[in-house]
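Asks: Turn this into a model:
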Amino acid sequence: MLKPLSDHVVIEPLKEEKKKSGIILPDTVEKEKSEKGKVIAVGPGKMGDDGKRMTLEVKKGNIVLFTKYGPNEVKVDGKEYLIAREEDILAIIT
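Replies: All right, here's what the predicted structure looks like:
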């Protein structure tokens, strides 16, 4: 398993269902990066100027929206994950 450092977050991308309903979608639509995912692991947080750790707002299990090109893609045991900084996460879906 991946153990992120600092304010990094490991995200499992969620596949968006694309409804075709008679509209022809180009091949590039299927290859678009996901912008939604499930948080698998979080780092301990950044060190503040005062030497204390700043805890992250996101938690393991959260479903989040993130910037399209912010996270780095990694493959572990054949499964794709994204590693992002907390600042690349835009919202938690409740």
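Asks: so how far is H8 from the closest residue to K15 other than its chain neighbours?
Replies: Distances taken as Cβ to Cβ, 6 or more residues apart in numbering put S34 closest to K15, at 6.6 Å, once the chain neighbours are dropped. To be clear about C-beta, it is placed using only N, CA and C from the backbone, and glycine gets the same treatment. From S34 across to H8, the span is 18 Å (Cβ to Cβ, to the nearest Å).
Asks: Which of these two has more residues huddled nearby?
Replies: Applying other Cβ atoms under 10 Å to S34 and H8 shows that H8 carries more neighbours, namely 22 against 17.
Asks: residues contacting the closest residue to that one other than its chain neighbours?
Replies: Using Cβ to Cβ, 6+ apart and skipping the chain neighbours, the partner closest in space to H8 is G43 (4.7 Å). Applying Cβ atoms under 8 Å, 6 or more residues apart in numbering to G43 gives the contacts 3-9, 56.
Asks: likewise V74?
Replies: 2, 80-83.
Asks: can you check V10 too?
Replies: By Cβ under 8 Å, 6+ apart, the neighbours of V10 are 2, 4, 39-42, 81-83.
Asks: Is it located within a helix, as I assumed?
Replies: No: with DSSP: H, G, I helix; E, B strand; the rest coil as the criterion, V10 is assigned strand and is not in a helix.
Asks: just to revisit the earlier point, keep only those of the contacts of V74 that are in strands.
Replies: Counting by DSSP state E, the contacts of V74 place 80-83 in strands.
Asks: most surrounded residue in the contacts of G43?
Replies: V9 (26 neighbours).
Asks: Could you point out which residue ranges in the chain have low pLDDT?
Replies: Within the chain, the ranges that satisfy pLDDT under 70 run 16-33.
Asks: Let me see the ranges of the helices in it.
Replies: 27-30 (DSSP state H).
Asks: From the centroid of it, which residue is nearest?
Replies: I11 (3.7 Å; Cα atoms, centre = their mean).
Asks: Report the contact partners of that residue.
Replies: Contacts of I11 (Cβ under 8 Å, 6+ apart): 37-40, 64, 66, 71, 81-84.
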